[in-house]
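Novice: Dropping the sequence and predicted coords here.
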Amino acid sequence: MSDRTIGKRLPGWKEGIDVLLAAAAAAVMILPAPPVFSTGSGWAGCFLLLLLRRTGFRFAGAAALAIAAAGIWLGDRPWTALLAVAELALLAAWLKRGREDLLPAELGYQLFVVAPSALLAALASGGAIGAAAEMAAGSLVAGAASALLADLAHHYRPLERLAARLAGARETARVPLRRMIAHLAAGAAVVPGLLIVLLAGLPGSPLENEAPELAGLPAPAALMVSAAAAVLSATFGALWLSRRISVAFERLASATNGLHQKLRQGADVPWPVGGAAEAAEIAVNCREIADRLAVQYDTNERLTASLREKTARLRASEAALERLSYQDTLTSLPNRFYFYERLRSMTGECGDRGVGVMMLDIDRFKQVNDSLGHASGDEMLRIIADRLRRVCDESAVICRLGGDEYAILVPGGSREALGRIGDAVIEAAAEPVRVGDQELYVGVSIGISLYPDDGVRVEELVRNADTAMYTAKEAGGRRYEFYSSSMKEQVSERLEMETSLHKALELNQFEVFYQPRMDADGERTLGFEALVRWYRPGRGYVPPDLFIPLAEETGVIHAIGDWVLRQACRQCVAWVEAGYPPAVVAVNVSPRQFENPRFVERVEAILLETGMRPEWLELEITESFLHRDRNAVVDTLRRLKKRGIRISIDDFGTGYSSLSQLKNLPIHAVKIDRTFIRHIDTDCKNASIVSAIMALAHSMNLRVVAEGVETEDELRQLRRMHCDELQGYYFSAPVRAEDALPFLRKLREPSGSRAASSE
């Protein structure tokens with residue numbers, strides 16, 4: 001310990017053992033002691049020095065003087081207290097010189113101060129040489145034990161280490177090898193020597209009578225002197241041995257300190273020789289590693305020169321990549337990353353002048369891409385980008401965000417200015433686009449949001465512009481829409497409906513209603529159409545035209561369609577089991593369901609599960625099926641018909657299909673859409689269309705079903721046209737199963753004259 005470290009810290013609870021040992025030393029000095037401690041200044045000095053290490057020289061010196069005064073006043077050996085003060089001063093000087101261990105200084109103090117003092121005190125009082133030897137030897141052993149214990153308490157910090165271990169902290173303090181060896185070897189001699197001194201000094205000790213005298217000394221004195229000599233020789237031997245063993249490791253540690261810097265600088269490393277065999281072997285291994293590292297450093301230096309050259313080229317490449325990271329390679333417009341950074345900077349630069357955010361999407365681009373190929377789609381994207389550059393001024397920032405989505409940033413744009421830009425963009429996009437030999441007509445839908453009116457955060461502005469753009473697309477496209485708060489409510493309502501739709505089947509919120517299909521006279525029931533209804537608690541019934549498209553878009557239609565088919569089949573079987581004639585139940589099939597390769601197997605499984613006869617089931621498909629893979633559609637229809645299931649075309653006439661397509665389809669009936677039935681008694685065009693459809697269908701032996709019959713006049717007109725089946729609110733709205741019983745009582749099977757169709 002050096003003078004710079006003495007007294008820098010106050011004692012804490014972890015080091016409370018120092019205070020306890022110092023208090024014990026003070027008690028030994030003050031209170032009357034047995035003869036073995038008659039010169040116990042070693043205990044006092046060493047343990048009081050613990051206070052010096054914690055609190056500094058002034059506090060420890062004042063404590064020593066106070067204890068010495070108390071010892072002179074209360075104790076029976078005042079000169080012992082005075083020796084303790086001297087011991088404390090000598091040990092303090094030893095520590096001030098930067099020495100860390102007390103044991104060598106304490107032994108020197110005992111040899112050169114305490115032993116002569118004990119001899120002089122014995123001679124002065126007329127005592128025997130044996131008593132003086134006993135006092136000197138006991139003091140030496142006790143002083144060595146106290147110094148060793150003080151060193152252990154100071155260097156190893158037992159309480160502090162224990163507390164750190166209990167707290168889960170990693171132990172970082174380390175004790176040098178030299179000190180550990182010296183303490184271990186010295187302790188091996190000091191502990192037995194202290195026991196011998198204690199036994200020899202006890203009154204009535206068996207050693208007093210049994211042990212022979214040695215060199216004229218009484219047995220206890222001889223034993224104490226022998227123990228002191230053993231402690232002295234063992235301690236100095238331990239100090240020499242520890243230095244001998246540890247010197248090689250110390251040199252090795254010094255040599256490896258900052259080794260990488262020495263190797264880089266090419267400096268000579270003083271590797272140790274001799275010493276312990278293990279240290280020599282470690283030194284050899286370290287030298288081999290260092291030699292290999294030196295070679296590696298030389299290789300690295302050569303590589304560094306090569307890397308510097310490559311780094312220069314990489315920097316040039318990085319500059320090019322940085323330009324590319326903000327540019328769309330297809331259209332050479334800024335990309336999504338640049339768009340967001342530029343929008344953030346614009347909102348800070350323009351302030352109250354505002355920023356217009358226009359999001360553009362090409363209408364029906366997917367159809368062009370899928371039908372003509374990606375190369376044609378890319379060409380269209382480049383043409384649209386060039387037209388945007390043409391109609392926007394230099395202050396506007398045009399970006400391609402990805403796919404067919406573009407964005408235009410207009411600094412300081414008002415609603416009027418943004419509207420003019422929107423009109424110009426729509427007009428430019430509406431011009432014919434020539435891709436190869438094809439001339440295409442496309443349009444764009446635009447959504448517009450303004451900073452700061454529609455949001456202050458970039459993400460909010462973009463989201464609101466997107467919302468307005470999708471509103472424009474849902475309105476038919478080729479238009480622009482400014483964002484409004486009501487749009488956000490619509491989007492939120494749609495998201496909420498989508499979430500509720502996923503849970504509706506699980507919560508049993510769907511119901512199946514049945515609308516009767518009547519004969520031309522309106523007297524007999526020919527069957528029913530099963531229609532799904534969704535009841536949202538607290539919201540009432542949701543119109544089918546709202547949730548059916550959403551179910552198809554999200555894929556929930558598969559589960560809903562299977563559930564409706566299963567419920568309709570179960571109800572039909574239940575009616576038959578109740579004694580009613582079998583009724584043909586028509587169930588609508590979504591295009592998403594029909595596209596499933598295992599659709600026929602799913603229908604068969606439901607029929608088997610419910611016990612439904614195939615001839616009691618009619619599946620209704622729309623004309624949109626006819627625009628898909630015709631061979632796959634016909635194959636699926638043939639498989640269904642082969643199993644005895646009826647097939648009808650629903651909403652016929654709205655898909656602008658050629659009537660001649662019906663001749664190759666394995667179907668049983670066509671259902672004329674309600675738009676043609678409405679006002680058929682007064683609208684000559686509708687009447688002509690319906691008459692033509694009926695004539696063609698009857699010529700192909702197909703039944704005709706008229707949907708949406710609502711008036712007596714419409715019924716009479718359809719009867720004159722010889723329509724086979726009628727359905728509409730004139731007869732009944734869709735009703736629950738229990739309310740359909742009156743129609744079941746006048747049920748008859750449909751006529752079989754037109755029940756089959758050509759293959």
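Specialist: Looks like it came in fine. Predicted, not measured: the structure shown is a model, and the values here were computed from it.
Novice: Every contact and neighbour count from this point should use C-alpha atoms.
Specialist: Will do.
Novice: ok, now which ones touch the residue lying closest to Q515 once chain neighbours are set aside?
Specialist: Of all residues beyond its chain neighbours, the one nearest Q515 is P734 (4.1 Å), with distances taken as Cα to Cα, 6 or more residues apart in numbering. By Cα atoms under 8 Å, 6 or more residues apart in numbering, the contact set of P734 is F513, Y514, Q515, P516, L531.
Novice: A230 contacts A189, doesn't it?
Specialist: Yes: between A230 and A189 there is a contact at 6.8 Å, judged by Cα atoms under 8 Å.
Novice: returning to what we had before: just checking, which of the contacts of P734 belong to strands?
Specialist: F513, Y514, Q515, P516, L531 (DSSP state E).
Novice: so where do the helices sit in the stretch 201-350 of the chain?
Specialist: 207-210, 219-256, 259-265, 277-325, 336-350 (DSSP state H, counting those that start in this stretch).
Novice: hang on, the earlier thing: and the ones in strands among the contacts of P734, which is closest to S691?
Specialist: S691 has its nearest neighbour among the ones in strands among the contacts of P734 in P516, at 23.1 Å by Cα to Cα.
Novice: wait, what's in contact with that closest one?
Specialist: Each residue near P516 by Cα under 8 Å, 6+ apart is listed here: T525, L526, G527, F528, E529, Q727, F731, S732, P734, A740, F743.
Novice: Please apply the same query to E511.
Specialist: Applying Cα under 8 Å, 6+ apart, the residues contacting E511 are V532, R533, W534, Y535.
Novice: Out of the residues you listed, who's the most crowded?
Specialist: V532 (22 neighbours; other Cα atoms under 10 Å).
Novice: Need the nearest residue in space to that residue, chain neighbours excluded.
Specialist: According to Cα to Cα, 6+ apart, the nearest residue to V532 is V512 (4.6 Å).
Novice: tell me the contacts of the one you found?
Specialist: For V512, the contacting residues are A530, L531, V532, R533, V564, Q567, A568, R736, A737, by Cα under 8 Å, 6+ apart.
Novice: burial of the spatially closest residue to P411 that is not a sequence neighbour, as a residue count?
Specialist: Using Cα to Cα, 6+ apart and skipping the chain neighbours, the partner closest in space to P411 is V355 (4.6 Å). If you count neighbours by other Cα under 10 Å, V355 ends up with 25.
Novice: For V355, grab phi and psi.
Specialist: The phi/psi pair for V355 (degrees, to the nearest 10) reads phi -140, psi 130.
Novice: go on, the one 3 residues further on?
Specialist: Phi and psi for M358, reported as degrees, to the nearest 10, are phi -110, psi 120.
Novice: Do I have it right that it meets L409?
Specialist: Yes: M358 is within contact range of L409, at 6.4 Å (criterion: Cα under 8 Å).
Novice: Which one's more surrounded, these two?
Specialist: Ranked by neighbour count (other Cα under 10 Å), M358 and L409 place M358 first, with 28 against 23.
Novice: Any figure for the gap between that one and S485?
Specialist: Going from M358 to S485 by Cα to Cα, to the nearest Å gives 17 Å.
Novice: Next: R457.
Specialist: Using Cα to Cα, R457 is found at 16 Å from S485.
Novice: contacting residues for L718?
Specialist: Residues in contact with L718 (Cα under 8 Å, 6+ apart) are A520.
Novice: what helix or strand is it on?
Specialist: Using DSSP states H and E, L718 falls within helix 712-720.
Novice: sec struct for Y580, please.
Specialist: Per DSSP: H, G, I helix; E, B strand; the rest coil, the local secondary structure of Y580 is coil.
Novice: Low-confidence regions, the stretch 551-700 of the chain specifically.
Specialist: Scanning the stretch 551-700 of the chain for pLDDT under 70 picks out 624-629, 653-661.
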